[in-house]
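Enquirer: Test case, fold it:
(5 chains)
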Amino acid sequence: MELTTIIGLVSAFFFMYYGAGDVRLFLDFPSFVVTVGGTVATIFIRYPFNMIANLFPVYKKAFVTKLDSTDDMIKKIISLSVEAKKNGILGLEKVKIENPFLKKGVQLAIDGVEPELIEAVLNIDIASTAKRHETCMGMLLTAGDAAPAFGMIGTLLGLISMLANMDDPKGLGPAMALALITTLYGSLMANILFVPMADKLKYFHEQEMQLRSLIVNGILSIANGDHPAVVQEKLSSFLKPDARKILDATLKTRGG
Amino acid sequence: MELTTIIGLVSAFFFMYYGAGDVRLFLDFPSFVVTVGGTVATIFIRYPFNMIANLFPVYKKAFVTKLDSTDDMIKKIISLSVEAKKNGILGLEKVKIENPFLKKGVQLAIDGVEPELIEAVLNIDIASTAKRHETCMGMLLTAGDAAPAFGMIGTLLGLISMLANMDDPKGLGPAMALALITTLYGSLMANILFVPMADKLKYFHEQEMQLRSLIVNGILSIANGDHPAVVQEKLSSFLKPDARKILDATLKTRGG
Amino acid sequence: MELTTIIGLVSAFFFMYYGAGDVRLFLDFPSFVVTVGGTVATIFIRYPFNMIANLFPVYKKAFVTKLDSTDDMIKKIISLSVEAKKNGILGLEKVKIENPFLKKGVQLAIDGVEPELIEAVLNIDIASTAKRHETCMGMLLTAGDAAPAFGMIGTLLGLISMLANMDDPKGLGPAMALALITTLYGSLMANILFVPMADKLKYFHEQEMQLRSLIVNGILSIANGDHPAVVQEKLSSFLKPDARKILDATLKTRGG
Amino acid sequence: MELTTIIGLVSAFFFMYYGAGDVRLFLDFPSFVVTVGGTVATIFIRYPFNMIANLFPVYKKAFVTKLDSTDDMIKKIISLSVEAKKNGILGLEKVKIENPFLKKGVQLAIDGVEPELIEAVLNIDIASTAKRHETCMGMLLTAGDAAPAFGMIGTLLGLISMLANMDDPKGLGPAMALALITTLYGSLMANILFVPMADKLKYFHEQEMQLRSLIVNGILSIANGDHPAVVQEKLSSFLKPDARKILDATLKTRGG
Amino acid sequence: MELTTIIGLVSAFFFMYYGAGDVRLFLDFPSFVVTVGGTVATIFIRYPFNMIANLFPVYKKAFVTKLDSTDDMIKKIISLSVEAKKNGILGLEKVKIENPFLKKGVQLAIDGVEPELIEAVLNIDIASTAKRHETCMGMLLTAGDAAPAFGMIGTLLGLISMLANMDDPKGLGPAMALALITTLYGSLMANILFVPMADKLKYFHEQEMQLRSLIVNGILSIANGDHPAVVQEKLSSFLKPDARKILDATLKTRGG
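Expert: Prediction:
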């Protein structure tokens, strides 16, 4: 799992623990069922099944699978272009490629599909991935709205039960404590899990979209039979400003 | 009724029941009248009668009637085009068509109405359906705002009654429990019924609009006397990317 | 007054009454003064006098005066065009016209003002009416924000008084009940009166703007000396899709 | 000070007084310091000094200085153009002009500055005035957000103090009353002072911007040596629709 | 540190102190850990590490480093252009330049890099600085949302603990006081630190962007070998309207 997310989650729960003391006071299974269950149920009422089914794969890919760095991907694509220059485009068949999107694009190039069609097929793939990501971000934000609402509903359920049965004044305090636990769960779920993770997912989404855009450019350049130096120059605009600036200056000075 | 909506609604109430225990504590008819009645009344003050009258038919159509799948509709339209090729456009008169929008369009084609006029008539129908759907979504969201407000108004009514008559301290708890029930009802209505169903309705709306757009394209193609293969190609862009991609690749390879 | 608004208002108060029981508990004149007075005062601080002066006439026109239906207005304008064809434009002087906007436009036509100037004068009238309506909608929404705020201010005033004078513990309950009444008033005013009526006013506004646009088209057509059939055709686009579609189909079939 | 603002402020406080009874209960200097002080302090943290320094002059100008009416200004400018036609542009040196913006523009015309430069200089002045007004409206709205927040902070300070020292149960009520006073102050400041005055300032801003635009047009017309009748016609578009319509009709009839 | 920010922060805390009395009541380390820790943790879950790493340098630069005034910068650039006119562009090598952005640009000019490349390199630098600033403003606003949420979570933790252990009724008050301290911390952090500082940072950001834009214009003018008077004229548009107006008038009068 991605490091800052882990640091954030672990430290958030550690700080809560430090402030709260006895953790057992805050564990209550029915409260968990009301808050989590209500939030999940509302997702089912709001979204059709085929959208919900995408949630876990996207989540897993975003937080578990490591994205290739831009640098590594540029180097990989340049090595592919060198190989294609040496042994022809069919020579790429023997190269091992891990990134599935790159692999798919290279396979299309090996199969001799025309560049325009390669671009169209890969862009359709990018668009449907982007749509999946956006639906998942929307679901996380929806869950971030629903969790506190079901937390409050759980507290209302608890308060009404408690007030209707006030025979034992001694039990009032613990009963009310219990009633408040759903509000706590709803607030924690929204503020630690759902809303922040939607933000982080957005960041991964932007990174992956940029990486895929880089891959499409690289594959098209290889399919066009460009010289490895040209491939490098075309891909350099995907580097961060600092790195690109140096490259640009070098190229221009040489050119001038 | 549509499956995920049912799963969501049933599980939401099951989770509430699991957390709440004795259900009878949460049933109170006057509280129901205040919250539901106030929400309905506010809809009457906000909207004119002819808009309100659309609410139930739209609701029924969205959640009860099953939409044809894109695949089935494409197959149906292609079978119609095959029939029209074989026996002429008048041969369609004998074909049984269940989808009322498709039926209406085919009837116009049989009647020999010019394609431009068919397109205009069907698009006016689509626009007025879209407007009806949007008004209904707006009403659901309005109800989702009004329900918690009338829940709070009901709680205020209950609290004021209770505080003005504090002769029996023993009755305080149950009276306050009763007062809180309207807040619970308002919150449940907004978070389980109105707002999530507005979201699901939006999804059905988008699906139906896409299906109708597909039907308009199909009928125009048939009315133009296109060959069934051309009809298929024209309609393929309405398929999901995965399905379309394969189709595209196949067609291109053949064409190339 | 317009029917659905009356149904909504009466039923809202009936449902509240059903839930509340003894109405006398909820009537308190000073609470009324604080909530209503504060809301009105804030309107005076926010808006200049000439805008506030428009509020009641607009309200009266929207909720009391009945708008002519599109059908009736089209029939009326066609009858005017028939009269103008028979006896010349001066023959319109004897026709009784109830709608003041139509009357004004016809008078300009009778006076021989050029069509472009008639259009300009009527459009200036429409623009200033629209501006008046929009300001009134804005005021209602502002009042819908202010009423709950002054309800809460009233409750704070009541709570502070009560807490500062806690000599008689028996009086605590009724005093707090009284304090909550302003919150109830503010909430009822916002949720039953101001915000819903702003919505309904918006609907009347849209209807009146469309009717006036129809009238401008009709008067210009008469002033241009168009044949009554042409006037009818020009005005038919203001009918609802269903009605228009039939008309369109009829006209096209004849034309074809 | 402007009349409706005074009426609104006085009546708002009168209605509060009527509902509240004993005013002394609601006066507490430390509560005032926390709420007002916190709101002012937050303005200093948010804005740089040169923006804050503009607040009082703008406020004074908007609520104390009376704006010239459009009619009076048009008459004044026409009288200037008559004077300029009679005695040449230098003859304006002897005319007494009260409006500083008009005075500045006329002085530029007397100095023989070219019309384009006069327009540029006056528009720069208008833009910087508009920017000053907008910053002030933004500060009022910011204060309208901050005041209730510091009211709540004050109440938290009071509640924490009170709860930590619960030796004297008799003092609980008055202590809590005191704690609530900051919430009352914050709410009154936001709902009576800051937010409504931002609205009224916006109205004055729009009026002054229109008046200045009128003045620029008038001065340019005079500097161009236009005939007073032409000056009048050019300025008539700044009149309200009703007045303009009559004028337009008159001019057109004459022209026709 | 920048003066109005210090005045605002010091006075805000002074006013709180004046209203609160005994400060020791409001100091509680675990409450501090829950609120601040939770807010920081949520930043780690929301943002990737390389964005978080920028927060402190940007903050330091904005609130500690003093920005050069526009006037001083114009004078400095003109003195550089005078030097370049006298001793050639290489003569700038001996001039001491403190502003790092100006220094970098001048160095590029000395190195004989072409003006278009200088502009491109400096604009890339500006864009990446702007992106860093905007991310930091976004983090401050995020923290301003998270702090009150974790304040409320801390209060829930405290209340639940307290209610579950109600053996000692005497301890109830202080325990609840303690529970409220996190809400106080969250509210203070949001309303005094995070949200206002995001506003001030925005102001510094706008100032620095304008200053850098001025520097780019100046360096390009020098690199083009413009006469110092031309450099001055080009840079005058960055002065405030008042100052520019005088300059414009002077230049035009001379020109005329």
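Enquirer: Run a quick neighbour tally on A:Ser31.
Expert: By other C-beta atoms under 10 Å in any protein chain shown, 25 other residues sit near A:Ser31. Backbone N, C-alpha and C define where each C-beta goes, glycine included.
Enquirer: Please look at it and A:Thr183 and confirm they touch.
Expert: No. Under the criterion of C-beta atoms under 8 Å, A:Ser31 makes no contact with A:Thr183, lying 9.3 Å away.
Enquirer: what ranges do the helices span in the stretch 51-200 of chain A?
Expert: Counting by DSSP state H, counting those that start in this stretch, the segments of the stretch 51-200 of chain A that form helices are A:55-63, A:70-87, A:100-110, A:115-164, A:172-188, A:195-223.
Enquirer: which of those helices sits most buried?
Expert: Ranked by mean neighbour count under mean count of other C-beta atoms under 10 Å in any protein chain shown, the helices of the stretch 51-200 of chain A are led by helix A:172-188, which reaches a mean of 23.
Enquirer: Keeping just the C-alphas, turn that helix into CSV.
Expert: As requested, the backbone C-alpha atoms of helix A:172-188 are provided in CSV (Å, rounded to 0.1, in the frame of the first residue of the first chain):
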residue,chain,number,x,y,z
LEU,A,172,-28.5,6.5,31.3
GLY,A,173,-24.9,7.5,31.0
PRO,A,174,-23.6,4.3,29.4
ALA,A,175,-26.7,4.2,27.1
MET,A,176,-26.0,7.7,25.9
ALA,A,177,-22.3,6.8,25.4
LEU,A,178,-23.4,3.9,23.3
ALA,A,179,-25.8,6.2,21.3
LEU,A,180,-22.9,8.6,20.5
ILE,A,181,-20.7,5.8,19.1
THR,A,182,-22.4,5.8,15.8
THR,A,183,-21.9,9.5,15.4
LEU,A,184,-18.2,8.9,16.2
TYR,A,185,-18.0,6.1,13.6
GLY,A,186,-19.7,8.2,10.9
SER,A,187,-17.4,11.1,11.5
LEU,A,188,-14.2,9.0,11.5
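Enquirer: Could you pull up the mean pLDDT of it?
Expert: The predicted model assigns helix A:172-188 a mean pLDDT of 91.
Enquirer: list the helices and strands it packs on?
Expert: Under the contact definition 3 or more C-beta pairs under 8 Å, 6 or more residues apart in numbering or on different chains; DSSP states H and E, helix A:172-188 sits against helix A:29-46, helix A:115-164, helix E:115-164.
Enquirer: Now do it against helix E:115-164, angle only.
Expert: Here helix A:172-188 runs at 170 degrees with respect to helix E:115-164, directions being taken by axes from the mean of the first three to the mean of the last three C-alpha atoms, to 10 degrees.
Enquirer: so where's the stretch 1-150 of chain A uncertain?
Expert: Under the criterion of pLDDT under 70, the regions of the stretch 1-150 of chain A flagged as low confidence span A:1.
Enquirer: Ramachandran angles for A:Pro48?
Expert: Taking degrees, to the nearest 10, you get phi -70, psi 160 for the backbone angles of A:Pro48.
Enquirer: Could I get the contacting residues of it?
Expert: If a contact means C-beta atoms under 8 Å, 6 or more residues apart in numbering or on different chains, then A:Pro48 has B:4, B:200, B:203 as its contacts.
Enquirer: Report pLDDT for the nearest residue to A:Ala179 once chain neighbours are set aside.
Expert: The shortest distance from A:Ala179 to any residue other than its chain neighbours is 2.8 Å, reached at A:Gly158 (C-beta to C-beta, 6 or more residues apart in numbering or on different chains). If you check A:Gly158, the pLDDT there is 92.
Enquirer: is it true that A:Gly158 touches A:Thr182?
Expert: Yes. Under the contact definition of C-beta under 8 Å, A:Gly158 touches A:Thr182, with a separation of 6.9 Å.
Enquirer: who touches both of these two?
Expert: Going by C-beta under 8 Å, 6+ apart, residues that sit against A:Gly158 and also against A:Thr182 are A:31, B:19.
Enquirer: Now the common contact residues for A:Ser31 and A:Thr183.
Expert: If you check A:Ser31 and A:Thr183 against C-beta under 8 Å, 6+ apart, the residues they both contact are A:Gly154.
Enquirer: and the residue of the stretch 101-250 of chain A found nearest chain D, what is it in contact with?
Expert: Per C-beta to the nearest C-beta, the residue of the stretch 101-250 of chain A with the smallest distance to chain D is A:Gly173, at 15.9 Å. Applying C-beta under 8 Å, 6+ apart, one finds that A:Gly173 lies in contact with E:162-166.
Enquirer: Next one: it from A:Met152, what distance?
Expert: In this structure, A:Gly173 and A:Met152 are separated by 20 Å, where distance is defined by C-beta to C-beta, to the nearest Å.
Enquirer: Would you mind naming what in the stretch 101-250 of chain A lies close to chain B?
Expert: With the criterion set to C-beta under 8 Å from any C-beta of the partner chain, the stretch 101-250 of chain A comes near chain B through A:113-114, A:117, A:120-121, A:124-125, A:127-128, A:142, A:146, A:149-150, A:152-154, A:156-166, A:182.
Enquirer: how about 6 Å then?
Expert: A:121, A:124, A:128, A:149, A:153-154, A:156-157, A:159-161, A:163-164, A:166 (C-beta under 6 Å from any C-beta of the partner chain).
Enquirer: State the pair within the residues you listed that is farthest apart.
Expert: The two members of these with the most space between them (C-beta to C-beta) are A:Val121 and A:Met166, at 68.1 Å.
Enquirer: So, low pLDDT: which residues of the stretch 151-256 of chain A?
Expert: Across the stretch 151-256 of chain A, the ranges flagged by pLDDT under 70 are A:240-256.
Enquirer: quick one: the residue lying closest to A:Glu134 once chain neighbours are set aside from E:Cys136, how far?
Expert: In space, and not counting its chain neighbours, A:Glu134 is closest to A:His205: 7.7 Å by C-beta to C-beta, 6+ apart. Note on A:His205: its distance to E:Cys136, by C-beta to C-beta, is 21 Å.
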